[in-house]
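S.K.: 3D model of this:
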Amino acid sequence: WLHTADQRRQLNEACARAGADLNPCESNPLDEIWHAQPPLPLAPIVPQDTRFSGRESAEKRREIAGQIKQASTAAAFLSAPDSIAWLLNVRGADVECTPLPQSFVLIEADGRVQWFVDSRKQVTELAAHLGNEISSSAPEALGAALDSLGAAGKSIMLDPTTAPDWAVQRLRGAGAAIIKKPDPCALPKARKNEV
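M.R.: Model prediction:
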């Protein structure tokens with residue numbers, strides 16, 4: 001969870017040069033000794049109106065779905081908070097000094113989205129804003145969703161520079177084909193519109 005797929009590859013190479021092995025831990029040893037650890041953030045997630053974004057979330061999802069189809073994959077896995085906030089036109093306050101909620105997304109080639117986010121963060125008006133093409137599940141359901149994609153033999157696009165290695169290993173273990181590509185939201189998010 002603490003390293004991306006690319007970081008793990010670099011660590012493996014460094015360990016090999018040093019004659020050592022790198023083995024993932026099932027749990028973080030720091031969590032086991034950090035008894036006064038603050039709880040995970042639960043800042044409210046609110047809709048961002050198109051008068052601020054300039055584009056509807058549905059339009060953005062169609063664009064990203066087009067990239068997924070073009071890559072001949074079934075879905076893309078997103079873990080970068082800024083990409084998810086941009087794609088869904090939402091804002092939060094989980095990350096200090098930035099208006100971002102922490103969550104994960106699986107966006108399918110047809111534009112439907114599975115959003116893995118703590119339901120306690122979602123304000124009432126968020127459901128109407130998201131519409132019926134976006135379903136929400138608890139973050140704990142992410143593993144089963146990745147397993148399901150893998151068991152179906154699906155190809156999944158993910159960015160090895162941002163995706164946690166846990167997701168890569170989970171997808172591989174379930175039998176998914178991983179297509180390493182840059183975050184599909186990165187370039188469209190960088191393109192500014194009139195608004």
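S.K.: which residues touch A36?
M.R.: Applying CB atoms under 8 Å, 6 or more residues apart in numbering to A36 gives no contacts. For the C-beta atoms, the positions are set from N, CA and C on the backbone; glycine is no exception.
S.K.: Just say helix, strand or coil for it.
M.R.: coil (DSSP: H, G, I helix; E, B strand; the rest coil).
S.K.: pretty sure L106 is in a strand, no?
M.R.: Yes: counting by three-state DSSP, L106 falls inside a strand.
S.K.: pretty sure it is touching S135, no?
M.R.: No: using CB atoms under 8 Å, L106 makes no contact with S135, being 9.9 Å away.
S.K.: list the residues that contact both of these two?
M.R.: Here L106 and S135 have V113, Q114 as joint contacts, going by CB under 8 Å, 6+ apart.
S.K.: Name the residue in these two with the higher neighbour count.
M.R.: L106 (24 against 12; other CB atoms under 10 Å).
S.K.: how near is that one to P188?
M.R.: Between L106 and P188 the computed distance is 18 Å (CB to CB, to the nearest Å).
S.K.: again with M157
M.R.: Relative to P188, M157 is positioned 14 Å away (CB to CB).
S.K.: the more surrounded of those two?
M.R.: For M157 versus P188, neighbours defined as other CB under 10 Å are more numerous around M157 (26 against 16).
S.K.: Next, the more buried one: secondary structure please.
M.R.: With three-state DSSP as the basis, M157 sits in strand.
S.K.: quick one: contacts for V117?
M.R.: I45, P101, Q102, S103, F104, S136, A138, P139.
S.K.: Correct me if wrong: the fourth one contacts Q114.
M.R.: Okay, so that is S103. No: counting by CB under 8 Å, S103 does not reach Q114; the two are 10.6 Å apart.
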